[in-house]
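[1] For reference, the sequence and a predicted model appear below.
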Amino acid sequence: DVKVTQSSRYLVKRTGEKVFLECVQDMDHENMFWYRQDPGLGLRLIYFSYDVKMKEKGDIPEGYSVSREKKERFSLILESASTNQTSMYLCASSLFAGELFFGEGSRLTVL
Amino acid sequence: AQRVTQPEKLLSVFKGAPVELKCNYSYSGSPELFWYVQYSRQRLQLLLRHISRESIKGFTADLNKGETSFHLKKPFAQEEDSAMYYCALRSASGSRLTFGEGTQLTVNP
């Protein structure tokens, strides 16, 4: 079974703090994605990566950055957290044009 | 630009009743359409994709290019079908998936 692991299930941070969300997959997938999930808005793509050190902006990249130094790991970075970034963050991986496999999610609260 | 719309945020039916979750999309090329499902306290997972033309857990979905729709249907809903359902679209040439807003389905006993 494909396993996508998000290191933090629940985080509480203060406005202005730097936040790292880590995601690791164990199936050698080329593609990795970060989405945020909000009620009524669905899943919105923040960033995705199709290879090591390669990234593309999604639909809502403002306030976020990403890092992919190794194929299995994709990190989402909030340089200066704000309250409107309180959300559920979902990481996913896939082969090219394949099914997305999701992690359990990281619920971030910014106070 | 690609866009997916699910007009119903909430849908409630009784066990044994038919259910249809609506999905409309806008995309100029040949899209690939999916339904993903998230059961309570579980990960989001693929339910079905239009190119496979399968029935999964009794659900079917037909791509209607004329109406740009990909509605999910089941003739007899079960309580275990209660979940959040997301419609998603991928362009033929890409890897990124665009999701709709989601529909929370509740099947009442």
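    Right, received. Where do you want to start? The shown structure was predicted, so the numbers you read here are calculated from the model rather than taken from an experiment.

[2] Residues of chain B that sit close to chain A?
    Contact residues of chain B with respect to chain A, defined by C-beta under 8 Å from any C-beta of the partner chain, are listed as B:6, B:9, B:32, B:36, B:43-46, B:49, B:86, B:90, B:95-102. Bear in mind the C-beta positions are built from the backbone N, C-alpha and C, glycine included.

[3] Mark which of the residues you listed are buried, thanks.
    In the residues of chain B next to chain A, burial by neighbour count holds for B:6, B:32, B:36, B:44, B:46, B:49, B:86, B:90, B:95-102, counting by 16 or more other C-beta atoms under 10 Å in any protein chain shown.

[4] Tell me where the model's unsure across chain A.
    Counting by pLDDT under 70, chain A contains low-confidence residues at A:1-2.

[5] Give me the most central residue, it.
    Nearest to the centroid of the C-alpha atoms of chain A, with distances taken as C-alpha atoms, centre = their mean, sits residue A:34, at 3.1 Å.

[6] just checking, which of the residues of chain B next to chain A belong to strands?
    Taking DSSP state E, the ones among the residues of chain B next to chain A that sit in strands are B:32, B:36, B:45-46, B:49, B:86, B:90, B:97-99.

[7] So which of those is the closest to chain A?
    Proximity of those to chain A (C-beta to the nearest C-beta) peaks at residue B:99, which lies at 4.0 Å.

[8] Mind listing the residues bridging to residue B:13?
    Bridge pairing for residue B:13 (DSSP bridges) gives the partners residue B:107.

[9] Walk me through which strands the helix or strand where residue A:107 lies pairs with, and which way each runs.
    When secondary structure is defined by DSSP states H and E, residue A:107 falls within strand A:106-110. In the sheet, strand A:106-110 lines up against strand A:10-13 (parallel), strand A:87-94 (antiparallel) (DSSP bridges).

[10] what comes into contact with that strand?
    Taking C-beta atoms under 8 Å, 6 or more residues apart in numbering or on different chains as the criterion, the residues outside strand A:106-110 that touch it are A:6-15, A:17, A:19, A:21, A:78, A:81-83, A:85-91.

[11] Over to stretch A:44-61?
    For stretch A:44-61, using C-beta under 8 Å, 6+ apart, the contacting residues are A:30-38, A:64-66, A:68-71, A:74, A:76, A:89, A:96, B:95-99.

[12] quick one: which of those residues sit in strands?
    Per DSSP E, the subset of the contacts of stretch A:44-61 in strands is A:31-38, A:65-66, A:68-70, A:74, A:76, A:89, B:97-99.
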